[in-house]
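A.B. asks: here is the input, now give the coordinates:
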Amino acid sequence: MSRFIIEEPVWELFPELSVGVVVAKGVDNSEAKEEELKDILAAELEKANEEARKYLTAETLSENEVVSVWRQAYQQFKTKKGVRCSIEALLKRASKGNAVGNINPLVDIYNVISLKYALPCGGEDLDHFVGDLRLTKTEGGDEFLALGDEENDNTLPGEVCYLDDAGAVCRCFNWRDGVRTMLTEETRNAFLIIECVDPNRKDVMEKAIHELAEATRSYLGGTAEVSILTRENPAIEL
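C.D. replies: Residues are numbered from 1 along each chain as shown. From the prediction side, this is the model:
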């Protein structure tokens, strides 16, 4: 059985990091389920896009607390120029009225939670991991084909990155997913995650991860087990 491990180089950078994980097994993310849930999840996304506006109390996006904490975090490790945390991208869209719409049920569900709680969320197909999944600082050169790209864009030395034995899974925390492990209509077992670098919002993250698990079970069936990773509890079995 494989594991998910947050390795020591990450804890050295972010000792108060907390990461919520849902391991969802036996879910139905099929095209038929997508069609069945499309209007329901579209309404949930519309509501979440509106709710997210409450976090935008400053006119400049980067000055809002839920964004600035991630801007500061991203300054602690190597990134490509212009890389921004996933929650900043979602809130930017919400602020401009460019609502986040349907993609597929699993992605829709975690986008709802991400917008509602202003925390970065992500998801991967558990069955496409090769060996253990690690959140670590990469030495660079890990193979990575991003969604929407036609050529590999491999990791830089010093990135905080999700890696398995085949290469990069998601780069710069939850900045960008790869094709190899993306959630699709064929996904039956999923790895869902919420990241929190602000210790003052750890309780918010814990509430959000449990809500994510419940929504996944409710909409897509199967099981959804929750774990919270901290420096004292840095690994789980998948």
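A.B. asks: is residue 90 in a helix, a strand, or coil?
C.D. replies: Look at residue 90: counting by DSSP: H, G, I helix; E, B strand; the rest coil, its state is helix.
A.B. asks: what about stretch 118-132, how long is it end to end?
C.D. replies: With Cα to Cα, to the nearest Å applied, stretch 118-132 spans 28 Å between its terminal residues.
A.B. asks: buried residues in it?
C.D. replies: For stretch 118-132, the neighbour count (16 or more other Cβ atoms under 10 Å) marks 118, 119, 120, 121, 122, 123, 124, 125, 126, 128, 129, 132 as buried. Every C-beta, even on glycine, is put in place using the N, C-alpha and C of the backbone.
A.B. asks: from residue 21, how far off is the first one?
C.D. replies: Meaning residue 118. Using Cβ to Cβ, to the nearest Å, residue 118 is found at 19 Å from residue 21.
A.B. asks: same question, the fourth one
C.D. replies: Computed with Cβ to Cβ, the distance linking residue 121 and residue 21 is 11 Å.
A.B. asks: run through the residues that contact residue 46.
C.D. replies: Residue 46 sits next to residue 99 when contact means Cβ atoms under 8 Å, 6 or more residues apart in numbering.
A.B. asks: moving C-terminal of the host helix or strand of residue 34, what's the next helix or strand?
C.D. replies: Assigned by DSSP states H and E, residue 34 belongs to helix 31-52. Going down the chain from helix 31-52, the next helix or strand is helix 65-74, by DSSP H and E.
A.B. asks: pull the CA atoms of that following helix into PDB?
C.D. replies: C-alpha atoms of helix 65-74 as PDB (Å, rounded to 0.1, in the frame of the first residue of the first chain):
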ATOM      1  CA  GLU A  65      -5.400  38.200   4.100                       C
ATOM      2  CA  VAL A  66      -6.300  34.900   2.500                       C
ATOM      3  CA  VAL A  67      -4.100  35.700  -0.500                       C
ATOM      4  CA  SER A  68      -1.200  37.500   1.100                       C
ATOM      5  CA  VAL A  69      -0.400  34.600   3.400                       C
ATOM      6  CA  TRP A  70       0.100  32.500   0.300                       C
ATOM      7  CA  ARG A  71       2.100  35.200  -1.500                       C
ATOM      8  CA  GLN A  72       4.500  35.200   1.500                       C
ATOM      9  CA  ALA A  73       4.600  31.400   1.500                       C
ATOM     10  CA  TYR A  74       5.500  31.300  -2.200                       C
END
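A.B. asks: lovely, talk soon.
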